[in-house]
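[1] Sequence and computational prediction follow.
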Amino acid sequence: MSQWMTLFQKEIIEMWRNFKWIWVPITFILLGVKEPLTSYYLPQIIKSVGGLPEGAVFEIPTPTAGAVLASGLSQYSTIGVLVIVLGTMGIIAGERKSGVAAMILVKPVSYLSYVTSKWAGSLLLVWISLFIGYLSTWYYTGQLFDWVPIGEFFQSFVLYGLWLTLIVTVTVFFSSALLSPGVAGFISLALALAVSILSGALSHLLEWSPSQLTSYAGALLTAGELPDDTLPASLVALVIILIFLLFSVFVFKRKELAS
Amino acid sequence: MSLIQIKGLKKSFQGNEVIKGLDFVLEKGKCIALLGPNGAGKTTTLRMLSGLMKPTAGSISFSDAKKDGDIRHLIGYLPQFPVFYDWMSGFEFLQYVGKLAGLTSKEAKERSLELLEQVGISDAKNRRVGKYSGGMKQRLGIAQAIIHRPQLVMLDEPVSALDPFGRREVLELLEGLKKETTILFSTHILNDAEEVCDEILFLHNGEIVESGTMVELRERHQQAKIDLIFRKKTEEMESTFRNNHLTKSILIDGNRISVFVTDVETARKEFLKLISNKDWQLDKFEISSMTLEDVFMKVVGK
Amino acid sequence: MELLEGMNWGLIAPLFIIQLILLIVSLVDLSRIEKTNGPKLLWVFIIIFVNIIGPILYFVIGRRND
């Protein structure tokens, strides 16, 4: 356990030194908060800039607070995912490519600890960034529109966190299975995109697909009610996370560290 | 006492056999040089011994291996081009690696300071490793390899990337290290091997072509040789030298007779007397010996 | 002008501040880092002139992850 903590602490410190603890949460804040701000001020800006012919009736319906918050949240499943994958793809592949992994693993370091400590470090960053970013979005939405119940906020937060955890885990898996960070990132993104599109298109068939978690979180915010399939989708997500994590360790162990 | 036994060790890359069956035993407390030209398979051998590469065939058995075969607590390894986390300081890296190797925070800290001193980079301990020079990285590499006091330290070409200055210092470092642990280091420079080590494993084209202690190797190969060149060589000369009781073997090349002898001094006196008695016309008389360098060249040239 | 008065500066100001932090942090990192993907000078311009996205782009793709 103490060895795991040593590895984990190194991840945390590394993220301080390369400023991930600063720029990722800030990115998440800006991504989310942008939504309530633009939906609130855009109509006013258009009105004041003018250009609309005299007498034209220009009505933009004011969206509900839930819809605004949902659109803020949806930023995390697009640009947020991109940032997470690009930031995580080198986590193992990069260390192996540079050769530092061989320096570390020639010491009596457990492969399980090596992989899981990196995974846990990335997750901590993602969950904290998501929390700070989403909380800010919730606050701005409340100030400008209406307050969304805090319970709904937390539930949608957890659902999104689960989906992003899955994304991190898949990226860690490809990072440990492949030597190139770029290829690992590309495959992870392609896979996430394919699963999202497929599940979206066949949503009546793939209600349990983990990528539906994002739309279920959105549905909770707009309709105020959680779809029935949320539980199975969450469970499937957890199982997949576990499988990919174990595979990451397994695949990594079988690789030769020097080639 | 033997530390590791290597039997029939082989490694192929895409059907291309790079290591063709190594058998050797490393004794505790010795310093062994793995000597060979570039491409002989030195790095591959060390990588297999350190567990970074899996052998295609053969076995590596450490006498103190754990039940599951893990040997990593027993070894320290320095790759040819050590890589570190550039964002850490040298001190931080040593402590990190020390803790991973099982030291407590306190032990890791003390041991790191001690090693920084020993390898001579104390002044730079708080500087980021990314700013270190090649020589400093090599020394930090040696420090990280021995931080957990392993039974066997393996160093892959520890001095070949260094300038003469750095090389001198690292060799002296190894000299000191010899007292503490077993060392196996690879090099393609005979002088380096001779300077630090008592034993040599001579690797060429994936095979051990020669091995033994320096003394043994010298004795085995360092035959004294007397070259004699005559104005005109006759049958009588040949048979005289061939049948001389001091002669071990003889080589004839035109007017030159090379005689390998056991005792140079006696042979010199006796041969000169013999030649003057017979009044043979001698053009050249030269005494030389076969050095390890010759052995190295002979082996590599094959 | 009416628009600017109507803005809630209590909400907008913090965003300017964190945007500034992002800008400074990315420049500090850029000055420390040895190599970037692409010319370093290019990244200086991107960070300074491409509002918000510039620093983020730098961290995501400009910084060489090794």
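    Nice, thanks for sending it over.
[2] In the chain, spot the helix with the most residues.
    Since you didn't name a chain, this refers to chain A. helix A:111-144 (DSSP state H).
[3] The intended chain is chain C.
    Secondary structure assigned by DSSP H gives helix C:9-32 as the longest helix of chain C.
[4] picking that back up, what comes up buried for the longest helix of chain A?
    When neighbours are counted by 16 or more other C-beta atoms under 10 Å in any protein chain shown, the buried residues of helix A:111-144 are found to be A:111-123, A:125-127, A:129-130, A:132-134, A:136-142, A:144. Quick note: C-beta positions are derived from backbone N, CA and C, even for glycine.
[5] which residues does A:Thr88 contact?
    A:Thr88 makes contacts with A:122, A:168, A:171-172, A:175, A:185, as judged by C-beta atoms under 8 Å, 6 or more residues apart in numbering or on different chains.
[6] Quick check on it: phi, psi?
    Here is the backbone geometry of A:Thr88 (degrees, to the nearest 10): phi -100, psi -20.
[7] who touches the residue nearest to it when sequence neighbours are not counted in this structure?
    Of all residues not flanking A:Thr88 in the chain, A:Thr171 sits nearest, at 4.4 Å (C-beta to C-beta, 6 or more residues apart in numbering or on different chains). Residues near A:Thr171 by C-beta under 8 Å, 6+ apart: A:84-85, A:88-89, A:91, A:184-185, A:188.
[8] Please report how far A:Phe131 lies from chain C.
    Remark: distance between A:Phe131 and chain C (C-beta to the nearest C-beta, to the nearest Å) = 16 Å.
[9] burial count for the closest residue to that residue other than its chain neighbours?
    Spatial nearest neighbour of A:Phe131, chain neighbours left out: A:Phe157 (6.7 Å); criterion: C-beta to C-beta, 6+ apart. Neighbours of A:Phe157 under the rule other C-beta atoms under 10 Å in any protein chain shown: 18.
[10] do A:Gly224 as well
    Number of residues near A:Gly224 (other C-beta under 10 Å) recorded here: 12.
[11] what's the spacing between the longest helix of chain A and its chain's center?
    The chain centroid and the centroid of helix A:111-144 are separated by 8 Å under C-alpha atoms, centre = their mean, to the nearest Å.
[12] For the residue nearest to A:Phe131, grab phi and psi.
    According to degrees, to the nearest 10, A:Phe157 has phi -60, psi -50.
[13] so it makes contact with A:Ile128?
    No: taking contacts as C-beta atoms under 8 Å, A:Phe157 lies outside contact range of A:Ile128: 11.7 Å.
[14] so what sits against both of those two?
    Counting by C-beta under 8 Å, 6+ apart, nothing touches both A:Phe157 and A:Ile128.
[15] Nearest residue to the closest residue to chain C within the stretch 151-259 of chain A in space, please, no chain neighbours.
    Residue nearest to chain C within the stretch 151-259 of chain A: A:Pro181 (6.4 Å; C-beta to the nearest C-beta). With sequence-adjacent residues excluded and distances taken as C-beta to C-beta, 6+ apart, A:Pro181 is closest to A:Gly90, at 3.6 Å.
[16] Which pLDDT value belongs to the one you found?
    Turning to A:Gly90, the model gives it a pLDDT of 91.
[17] State the distance from it to chain B.
    13 Å.
[18] now A:Ile240
    Remark: distance between A:Ile240 and chain B (C-beta to the nearest C-beta) = 30 Å.
[19] wait, does the helix or strand encompassing A:Pro36 contact chain B?
    Element membership of A:Pro36 [criterion: DSSP states H and E] is helix A:20-49. No: applying C-beta under 8 Å from any C-beta of the partner chain, one finds helix A:20-49 out of contact with chain B, separated by at least 11.8 Å.
[20] before we move on, back to that, report all helices and strands that the longest helix of chain A contacts.
    When contacts are defined as 3 or more C-beta pairs under 8 Å, 6 or more residues apart in numbering or on different chains; DSSP states H and E, helix A:111-144 sits against helix A:2-17, helix A:20-49, helix A:65-88, helix A:100-105, helix A:150-177, helix A:230-254, helix C:9-32.
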